[in-house]
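>>> quick check, what structure comes out for this input:
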Amino acid sequence: MSSSSANSPVARLTDAVARVAERLSSDELAVSRLGDDDLLAFLSDATEARKALELMVAAASAEVSRRSSRELGYSGLAQRKGLRTGNALVQQVTGLGRADVTRAVRAGEELAPMPPVCDGRESTTDAVTPLVPVVPDWLGRLRDALVSGRVSQAQFHAIRTGLGEPPVERYPDLDDHFLPAAWNRAVVILLDEASTRTVEDLRDQSRIARDRLDPIGVTLRFEERFAARSFRKWTDPETGQHHAHIAFDDDASAWVDAVLRAALRPRRGPRFVGAEAADKTRAAVDDERTNEQLQYDTIVAILRTGANADPTQAFGDRQPGVRIIVTADALVRAGDLGETRATAAGHLEDGGQAVPPGIIEKYLCDAGAVPAIRDEHGRPLDLGREARLFTRKQRIAIAARDGGCVWTGCDRPPSECEYHHIDHWWEDHGRTDVADGVPLCRNCHMRLHNQGWRITRRRHPASGDDSYWLHPPPDPATGELAEPTELPSKSPLRFTAA
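Next comes the predicted model:
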């Protein structure tokens, strides 16, 4: 392992356990007696200790697996203990589930010293020259983050499996270092975001980064999932309840997601506007169905009446549709009739998953496109104070720039967002310009206004790029202001190979 002894797992474990012990006044786990700040510090220290222990468990699990390899037969460690595999032995000792043990073994194997590889060349002596295995920068950076405790084992596994390996063989015309360098930049971004994302979201973002950097692979993976599509229905013999299992292809899944988001729009946001807003809100609140029941009723209604159902009855106030973000330079005119062809992958506005060129062309044929023109700094469609609300094109442009609710740790997609003037329209005479608007889900938008949070924009004088910062309200006890937090874009466009 490449970390220093001062930052080794043993040292981090010892320090973290000491801090945990200091915060408890007795041998009892009396966390209810801790104040808010001490409670959060206690949780952070305990988590640091857990990360260090996870690393030790991973290393030991990988070694148990190595000593129980199939090649060793009955002399292997697991067989001598009466079990078939090393993973089964680790499960017995640790009490962990199968998936947790598999993840631990893989993490331990990643960090284990790699045996030297001999070049096989003859020499004047009986020895051969060992070659030191080269670990690519992106993988070394990721491993160092695990060893140092910057990410947990689950976060490491999410990034590692989500990104996979740079598919250099698919791009013979590129320099051999081009894709590994792009992978390294993606790892830097993902590690920076790891502290504010759930493990599940981190895995999704890693896959989005992989698809952004590997456009050929987008089509290959799409075709694999399309070939695996299926529908299976069965009846529970005990209760008579009917069940179904669906394996979606990517296109159908995106369409179903759009339908269900539209059905849940009155509950999840954005809020209704206009003369009938109060009546629509009241109707949504009075609906006693659970979200799952509402989704079921929506799907059944579509199956019965077709996708042309009245949108005001089936989908709240917005007809469902799949919106794809694709850069203009990826669209070309070709053929005798001048058809629009896609030359690169696009991304779903909601979620950011990659879409292959063939599906983009299908949607261009069926639904057309909405252009969002931007200036040399990427700032489109300013309206000043001539309009109170952001236009449809402005909302599309903001969604493409930010990728969803910008609040730290929030994963709500653009379809569930409202568009906030960072300089309030009335109080601060704010402008309805794209640069001064950010997407916020209903919950985060209300929190911002009700609790006194602020979002500000800073423009870099040299590059002209904008950055957005979240300012917390003053501390209620001391009146002190905490440092603002930068709100990075969540758009898949932030991952680039250039």
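
>>> please enumerate the strands of the stretch 251-400 of the chain.
Ranges of strands in the stretch 251-400 of the chain, per DSSP state E, counting those that start in this stretch, are 324-325, 331-334, 339-342, 346-348, 354-355.

>>> quick one: low-confidence parts of the stretch 251-400 of the chain?
269, 271-278, 280-281, 283-285, 305-321, 333-340, 365-389 (pLDDT under 70).

>>> so which residues of it form helices?
277-286, 291-305, 311-314, 357-367, 392-402 (DSSP state H, counting those that start in this stretch).

>>> among those, which is the most enclosed?
Mean neighbour count (mean count of other Cβ atoms under 10 Å) peaks for helix 392-402 among those, with a mean of 21. All C-beta atoms are positioned from the backbone trio N, CA, C, and that covers glycine.

>>> and that helix, what does it pack against?
Counting contacts by 3 or more Cβ pairs under 8 Å, 6 or more residues apart in numbering; DSSP states H and E, helix 392-402 is packed against strand 417-421, strand 437-441.

>>> return the distance of that helix from the chain's centre.
Offset of helix 392-402 from its chain centre (Cα atoms, centre = their mean, to the nearest Å): 20 Å.

>>> and stretch 218-235, by the same measure?
With Cα atoms, centre = their mean, you get 22 Å for stretch 218-235.

>>> output the helices of the stretch 251-400 of the chain in JSON lines; the columns should cover distance to Leu220.
Listed next are these as JSON lines, based on distance: least, Cβ to Cβ, whole Å:
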{"stretch": "helix 277-286", "distance to Leu220": "42"}
{"stretch": "helix 291-305", "distance to Leu220": "30"}
{"stretch": "helix 311-314", "distance to Leu220": "36"}
{"stretch": "helix 357-367", "distance to Leu220": "12"}
{"stretch": "helix 392-402", "distance to Leu220": "25"}
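
>>> hang on, the earlier thing: deepest in the core, which of the strands of the stretch 251-400 of the chain is it.
Taking mean count of other Cβ under 10 Å, strand 354-355 is the most buried of the strands of the stretch 251-400 of the chain, at a mean of 25.

>>> so what are the sheet partners of it and their directions?
Sheet pairing of strand 354-355 (DSSP bridges) gives strand 346-348 (antiparallel).

>>> I'd say Lys51 and Gln153 touch.
Yes - using Cβ atoms under 8 Å, Lys51 is in contact with Gln153, at 7.4 Å.

>>> quick one on the thing from earlier: nearest to Met56, of the helices of the stretch 251-400 of the chain?
Closest approach to Met56 among the helices of the stretch 251-400 of the chain is made by helix 392-402 (40.0 Å; Cβ to Cβ).

>>> just the angle between the closest one and strand 437-441, please?
Using axes from the mean of the first three to the mean of the last three Cα atoms, to 10 degrees, the inter-axis angle of helix 392-402 relative to strand 437-441 is 80 degrees.

>>> and the helices of the stretch 251-400 of the chain: which comes nearest Gly108?
helix 392-402 (38.2 Å).

>>> got the angle for the closest one vs strand 417-421?
Put simply, helix 392-402 runs at 100 degrees to strand 417-421, going by the same axes, to 10 degrees.

>>> any chance of the strands of the stretch 251-400 of the chain in a markdown table, plus distance to Arg170?
Output for the strands of the stretch 251-400 of the chain, formatted as a markdown table (distance: least, Cβ to Cβ, whole Å):
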| stretch | distance to Arg170 |
| --- | --- |
| strand 324-325 | 23 |
| strand 331-334 | 22 |
| strand 339-342 | 18 |
| strand 346-348 | 19 |
| strand 354-355 | 15 |
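
>>> tell me the helix or strand right after the longest helix seen in the chain.
Assignment by DSSP state H gives helix 36-67 as the longest helix of the chain. Per DSSP states H and E, the first helix or strand lying C-terminal to helix 36-67 is helix 77-80.

>>> list the buried ones in that next one?
Neighbour counts using 16 or more other Cβ atoms under 10 Å place Leu77, Ala78, Gln79 of helix 77-80 among the buried residues.

>>> would you put the C-alpha positions of that helix in PDB?
Coordinates of the C-alpha atoms in helix 77-80 are reproduced here as PDB (Å, rounded to 0.1, in the frame of the first residue of the first chain):
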ATOM      1  CA  LEU A  77      -7.500 -23.200   4.000                       C
ATOM      2  CA  ALA A  78     -11.300 -23.400   3.400                       C
ATOM      3  CA  GLN A  79     -11.300 -27.100   2.600                       C
ATOM      4  CA  ARG A  80      -9.200 -27.800   5.700                       C
END
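
>>> and the next element down the chain from it?
Past helix 77-80, further along toward the C-terminus, the next helix or strand under DSSP H and E is helix 86-94.

>>> I would like the residues contacting that next one, please.
Residues from elsewhere that reach helix 86-94, judged by Cβ atoms under 8 Å, 6 or more residues apart in numbering: 57, 61, 64-69, 76-78, 81, 83, 96-98, 101-102, 104-105.

>>> direction-wise, compare that helix with helix 36-67 and give the angle.
Using the same axes, to 10 degrees, helix 86-94 lies at 140 degrees relative to helix 36-67.

>>> and the strand or helix carrying Glu224, what's its mean pLDDT?
Using DSSP H and E, Glu224 sits in helix 215-227. Averaged over helix 215-227, pLDDT sits at 92.

>>> list the buried residues in it.
Pro215, Gly217, Val218, Thr219, Arg221, Phe222.

>>> was I right about the last one contacting Pro357?
No - between Phe222 and Pro357 no contact is recorded; they are 10.0 Å apart, counting by Cβ under 8 Å.

>>> name the nearest residue to Val256, ignoring sequence neighbours.
Excluding the flanking residues, the one nearest Val256 by Cβ to Cβ, 6 or more residues apart in numbering is Phe248, at 6.8 Å.

>>> err, Leu202, not the other one
Using Cβ to Cβ, 6+ apart, the nearest residue to Leu202 is Ala158, at 4.5 Å.

>>> wait, doesn't that neighbour sit right on Arg203?
Yes - Ala158 lies in contact with Arg203 (Cβ under 8 Å); the separation is 3.8 Å.

>>> and those two? which has more neighbours close in?
Ranked by neighbour count (other Cβ atoms under 10 Å), Ala158 and Arg203 place Ala158 first, with 26 against 21.

>>> that's a helix at that one, yeah?
Yes - counting by DSSP: H, G, I helix; E, B strand; the rest coil, Ala158 is part of a helix.

>>> and it, how far is that from Cys410?
18 Å (Cβ to Cβ, to the nearest Å).

>>> same thing with Met446?
Applying Cβ to Cβ, one obtains 13 Å for the distance of Met446 from Cys410.

>>> okay, those two: which has more neighbours?
More crowded of Met446 and Cys410, by other Cβ under 10 Å: Cys410, with 19 against 14.

>>> so what's the more buried one closest to, chain neighbours aside?
With Cβ to Cβ, 6+ apart, the residue lying closest to Cys410 is Cys444, at 5.5 Å.

>>> wait, what's in contact with the one you found?
Cys405, Trp407, Cys410, Arg412.

>>> let me know the secondary structure of it.
helix.

>>> same check, this time on Trp407
Assigned with three-state DSSP, Trp407 falls in the coil class.
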